[in-house]
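> What would the 3D arrangement of this be:
(one chain, ligands or ions: 1)
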Amino acid sequence: MNNLEVNIKSKNKTYPIYIDNHDISGLKNKILKECNGKNFVVIFNQKVYKLYSKILDFPKDKIFVLKDGEKEKNQKNYLKILDFVLSKKLKREDYIIAIGGGVVGDIAGFAASTYMRGINFIQVPTTLLAMTDSSVGGKVAINTKYGKNLVGAFYQPKAVFINTNFLKSLDLNQYKSGLGEVIKYGFIEKSCNPDSEVNLLNFLNENYEKILNKDSYIMEKLISACVELKIKVVENDEKESGLRKILNYGHTYAHAVEKLTNYTKYTHGECVIEGIKFALNLSVKQNLIDKEYQFLCSDIIQKFNYKPLMTFPAQKYIQIMTTDKKATANHINFILPTQYAQVQEYKFTAEELLNLVQK
Ligand code: GLY
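Numbers count the residues shown, from 1 in each chain. Take a look at the predicted model:
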């Protein structure tokens with residue numbers, strides 16, 4: 001069991017992140033204790049609801065079930081959730097509880113941030129991706145026809161409950177998608193926290209078999225390490241005006257691949273892994289790292305058996321990168337590796353990038 005705390009100094013706000021591998025049957029009481037007798041609703045992912053609603057046993061009339069899939073994170077469902085909460089007459093001191101992956105956490109969190117200008121919100125992430133990334137740090141959003149996550153807020157939860165037993169029912173594809181983000185933390189560890197002594201790259205290298213087998217002791221350690229790094233970053237830069245950008249390592253290329261393949265062909269984590277390889281190549285070409293470090297990184301990635309993705313003409317993905325929401329005035333922003341477990345932001349024009357990838 002590992003209890004961590006997020007401290008957002010600018011808002012004078014702290015909240016706990018509980019990480020354990022205890023029996024899921026005990027989770028309901030822990031959540032309700034956190035709600036302290038207040039009223040609540042639970043927004044469930046459909047798959048998680050089917051598997052765990054009996055064990056968790058929340059009252060049926062307080063439950064809203066959201067279908068599975070990224071396309072459900074839409075404006076219509078956001079309004080449906082708000083209507084549901086309104087119909088239950090929740091007050092601002094009451095709670096919205098999200099149980100599921102990133103989709104449920106994001107849409108329920110955005111509903112929580114706007115319901116009565118902000119109601120209490122609890123995250124119970126059930127996927128590896130949500131446990132190590134989206135449930136921590138307060139980014140909540142919905143998708144629109146103009147793009148993903150374009151409408152949202154920074155809205156910190158009251159508490160996050162991570163129970164690694166949920167991973168047991170996660171299919172391998174989804175699990176490895178989460179591992180993509182986990183592996184990412186290995187490459188950015190020292191930039192997240194210069195004092196960190198975990199040596200995540202080493203940990204990944206030594207424990208990859210246990211990690212792939214979802215060994216619960218190793219996964220609790222690994223998730224705790226990733227969440228601790230994310231907390232450090234978010235505490236320093238809640239609104240992503242500086243340091244938080246490093247969490248986008250691998251994401252500039254990943255977002256382009258996701259868009260080019262209509263968000264359906266590959267998982268997010270697979271695309272992030274491809275993006276990390278792309279960034280490593282760029283860094284070598286820019287003489288930011290040597291080939292030896294690139295080999296070390298590629299070797300670690302290889303242990304996790306990601307299949308290679310289809311490739312695209314450089315003009316295609318560069319054109320998409322220039323319209324990415326993280327692009328700035330004619331520049332494409334890349335987080336690139338510079339040293340062991342360290343990264344830094346670099347900016348390129350489309351032309352510079354094209355010349356570089358064709359070098
Ligand atoms: N998922 C990246 C972040 O939370 O900033």
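> For I63, which non-adjacent residue is closest in space?
Spatial nearest neighbour of I63, excluding adjacent residues (CB to CB, 6 or more residues apart in numbering): V42 at 5.1 Å. Just so you know, the C-beta spots here come from the backbone N, C-alpha and C atoms, and that holds for glycine as well.
> ok but that neighbour is inside a helix, no?
No - assigned with DSSP: H, G, I helix; E, B strand; the rest coil, V42 falls outside any helix and is strand.
> For it, which residues are in contact?
58, 62-64, 97-99 (CB atoms under 8 Å, 6 or more residues apart in numbering).
> Around the ligand, pick out the residues from this structure.
Within the chain, the residues that sit near the ligand (CB under 6 Å from any ligand atom) are 133, 137, 139, 240, 244, 247.
> circling back: okay if I get the contacts of V42 as a markdown table plus distance to A254?
Formatted as a markdown table, these follow (distance: CB to CB, whole Å):
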| residue | distance to A254 |
| --- | --- |
| F58 | 35 |
| K62 | 37 |
| I63 | 33 |
| F64 | 30 |
| I97 | 30 |
| A98 | 24 |
| I99 | 26 |
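> Name the member of the residues of the chain next to the ligand with the most neighbours.
Among these, the one with the most neighbours (other CB atoms under 10 Å) is D133, at 27 neighbours.
> Confirm it sits in a helix?
Yes - the assignment for D133 (three-state DSSP) places it in a helix.
> Quote the end-to-end distance of stretch 107-127.
15 Å (CA to CA, to the nearest Å).
> Mean confidence (pLDDT) on that stretch, please.
Average pLDDT, stretch 107-127: 98.
> now that stretch: how far from the chain's centre is it?
Relative to the centre of its chain, stretch 107-127 is centred 16 Å away, using CA atoms, centre = their mean, to the nearest Å.
> try stretch 118-135
In terms of CA atoms, centre = their mean, the centre of stretch 118-135 is set 9 Å apart from its chain centre.
> Go ahead and flag the most central residue of the protein.
For the chain, the residue nearest the mean C-alpha position is D133 (2.8 Å; CA atoms, centre = their mean).
> what's the closest residue to that one other than its chain neighbours in contact with, if anything?
The shortest distance from D133 to any non-neighbouring residue, by CB to CB, 6+ apart, is to E181 (4.8 Å). E181 makes contacts with 128-129, 132-133, 226, 268-269, 272, as judged by CB under 8 Å, 6+ apart.
> repeat for F187
F187 touches 201, 249, 276, 297, 337, 341, 343, counting by CB under 8 Å, 6+ apart.
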